[in-house]
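# Sharing a model that was predicted from the sequence below.
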Amino acid sequence: MSTIESESEIYYDPYDFEIDTNPYPIWRRLREEQPLYYNERYDFFALSRFDDVERSLVAWKAQSSAKGTILELIRSGMEIPPGSIIFEDPPGHDLHRSLLSRVFTPRKMNAIEDKVREFCAHSLDPLVGTGGFDFIADLGAQMPMRTIGMLLGIPEQDQEALRDRIDEGLKLEEGKMPDMSSFDAAGQQHVFEDYIDWRAKHPSDDLMTELLEAEYEDEEGTRRRLTRAEVLGYINLIAAAGNETTTRLIGWTGKVLAEHPDQLRQLAADRTLVPKAIEEILRFEPPSPVQARYITEDVEFYGQTVPEGSIMMMLIGAAVRDHRQFPPDGEVFDIHREQRQHLAFSVGTHYCLGSALARLEGRIALEEILKRFPEWDVDLENAHLSPTSTVRGWESMPAVVK
């Protein structure tokens, strides 16, 4: 394999916590100086310009998700359990995704708006008059967990333990690629077995029941229901995705708006700006800023061949600040920015099914915070970034209310 300027002083390492604390300066240099980057230590290529990343996310045949979308998962060669639609390619992916797409429609998500507001009020009301709160501990780790638990049909008393287990499974150790050889993917899903068995005997108006009863035509043309293993896979995926990304979005909302107090004051004065603000926060600090793909056939970028069998990292966090897509300067946060396609929810085959839910939760969270706390600062000295392979965000983001 040819090394593309691996001796360059630019070095990007997804497992380096110091880099992850603020990857944007390195990502900016990659965009401008090495739009196709090669990391010799971990043997991966990386794209950082918007057009390249967008084109690659759409090109599922040449840049496949079927071996995983995380560097260490692809490298491990681990067998992907059924029901993991984010780790599938068409046509199987499209069949399985269609089962969920009828649940996560904007109309159905908007129908739960009052309940999401209730969850926010339950978290925030006791904090009024206390002088501060934590965007993660007091809201970001609570409301999304309750919302996805309600949609799935998981009892409220069990939701926190499930969320903590999911969080723990995502964490990295500094400075090295995780060893996936002993990772029990099926074991991670067993925690949901009792719920599924109960729901099979006691159907209800929830997503778990809908998956258990759904019928579809599989790749062989056979009309059937999902297997128990497939249902487990779906539930595990939804529980993890539904908790993690929205939790990170709420944390970034607190930090980014505190760092732009003029725009925070505008939002407090005019709540109609909130949806645009959420889109700009998603663009500026995407909760899932790095995705990986397995190269199934030779592809060419900038006169260099990326050979079949390689791993390509899509630096979404770099792409969404590319001035070519977001003129004049994508590094500037601006809630009045003209709305353009960003990649926070990916694009193409794997466009995030939960995007309507995430937008709803992000909007309601900000609206409910502004009702009670129209101005705040964040205490970055006591904030903690959570290092994971899949999402980037905060374990804690304490705020001082003015």
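Thanks, I have it.
# Now for V191, how many residues are close by?
17 (other C-beta atoms under 10 Å). C-betas here are computed from N, CA, C, even on glycine.
# Could you measure from it over to A240?
Using C-beta to C-beta, to the nearest Å, V191 is found at 11 Å from A240.
# do V378 as well
26 Å.
# Name the next helix or strand downstream of the longest helix anywhere in the chain, please.
When the chain is parsed with DSSP state H, its longest helix is helix 228-258. Downstream of helix 228-258, the next assigned helix or strand under DSSP states H and E is helix 261-269.
# Tell me which other helices or strands that following helix touches.
helix 228-258, helix 274-284, helix 355-372 (3 or more C-beta pairs under 8 Å, 6 or more residues apart in numbering; DSSP states H and E).
# Any chance of TSV for those, columns mean pLDDT and mean neighbour count?
Output for these, formatted as TSV (pLDDT from 0 to 100; neighbours: other C-beta atoms under 10 Å):
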stretch	mean pLDDT	mean neighbour count
helix 228-258	89	23
helix 274-284	98	21
helix 355-372	96	21
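# Where does pLDDT dip in this protein?
Scanning the chain for pLDDT under 70 picks out the ranges 1-8, 82-83, 162-190.
# Repeat the analysis, applying 50 as the threshold.
1-7, 183-187 (pLDDT under 50).
# how close does I80 get to T305?
For I80 relative to T305 (C-beta to C-beta), the value is 27 Å.
# ok, the two, which is more surrounded?
I80 (16 against 13).
# and that one, what is it in contact with?
66-68, 87-88, 185 (C-beta atoms under 8 Å, 6 or more residues apart in numbering).
# Leaving out chain neighbours, which residue sits closest to K276?
With C-beta to C-beta, 6 or more residues apart in numbering as the criterion, K276 has its nearest non-adjacent residue at 5.4 Å, and that residue is I335.
# My guess is that neighbour contacts E280. True?
Yes: between I335 and E280 there is a contact under C-beta atoms under 8 Å: 5.0 Å.
# Could you count how many residues lie near T388?
Other residues close to T388 by other C-beta under 10 Å number 19.
# How about L30?
23.
# so what's it up against?
10, 12, 37, 46, 48, 315, 318.
# Can you pick out the ones from those residues that are in strands?
When DSSP state E is applied, the contacts of L30 are split such that 37, 46, 315 fall in strands.
# between the residues you listed, which is nearest F284?
L315 (14.8 Å; C-beta to C-beta).
# Specify the beta-bridge partners of that closest one.
V290 (DSSP bridges).
# Please verify my assumption that it contacts S48.
Yes: assessed by C-beta under 8 Å, L315 is found in contact with S48 at 4.5 Å.
# of these two, who's got more company?
Between L315 and S48, S48 has the larger neighbour count (other C-beta under 10 Å), namely 28 against 25.
# What distance do you get for that one to Y42?
16 Å.
# Repeat that for L360.
37 Å.
# A241 too?
25 Å.
# Find residues that contact each of L315 and S48.
Contacts common to L315 and S48, judged by C-beta under 8 Å, 6+ apart, are 27, 30.
# any chance you could map the strands in this structure?
36-39, 44-47, 63-64, 132-134, 215-217, 223-225, 290-295, 299-301, 304-306, 311-315, 376-378, 384-387, 392-396, 398-401.
# So which of those is nearest A200?
Taking these one by one with C-beta to C-beta, strand 223-225 is closest: 10.8 Å.
# Show me what that closest one pairs with in its sheet, parallel or antiparallel.
Strand 223-225 pairs in its sheet with strand 215-217 (antiparallel), by DSSP bridges.
# which outside residues touch the strand it pairs with?
95, 98-99, 223-226.
# Could you rerun that using 7 Å?
Contacts to strand 215-217, defined as C-beta atoms under 7 Å, 6 or more residues apart in numbering, come from residues 95, 98-99, 223-225.
# ok, A62 - how many residues close by?
Count around A62 with other C-beta under 10 Å applied: 16.
# Now do the same contact list for it.
Counting by C-beta under 7 Å, 6+ apart, A62 has contacts 295-297, 299.
# roughly how far apart are it and S310?
A62 is 11 Å from S310, by C-beta to C-beta.
# Equivalent analysis for K61, please.
Distance from K61 to S310, by C-beta to C-beta: 15 Å.
# Between the two, tell me which one has more neighbours.
S310 (20 against 11).
# my guess is the more buried one contacts F45, does it?
Yes: S310 is in contact with F45 according to C-beta atoms under 7 Å; the separation is 5.8 Å.
# what's near enough to touch H96?
By C-beta under 7 Å, 6+ apart, the neighbours of H96 are 85, 88.
# re the thing from before, going by distance to A111, which of the ones in strands among the contacts of L30 wins?
Taking the ones in strands among the contacts of L30 together and measuring to A111 by C-beta to C-beta, the closest member is L315, at 36.1 Å.
# thinking the closest one is in contact with F50, fair?
No: counting by C-beta under 7 Å, L315 stays clear of F50, with 10.2 Å between them.
# on that earlier part again, which among the contacts of I80 gets closest to L366?
Of those, the one sitting nearest to L366 (C-beta to C-beta) turns out to be F87, at 31.8 Å.
# okay, now that closest one: neighbour count?
22.
# and what of L57?
Going by other C-beta under 10 Å, the residues that sit close to L57 add up to 23.
# what about T272, how many neighbours?
Counted with other C-beta under 10 Å, T272 comes out at 7.
# no wait, M109
M109: 21 neighbours (other C-beta under 10 Å).
# so who does it touch?
356-357, 360 are the contacts of M109 under C-beta under 7 Å, 6+ apart.
# swap in S355?
F345.
# From E220, how far out is it?
Taking C-beta to C-beta, one finds S355 at 31 Å from E220.
# ok, now I74?
27 Å.
# Between these two, point out the one with more neighbours.
I74 (23 against 6).
# State the distance from that one to Y216.
28 Å.
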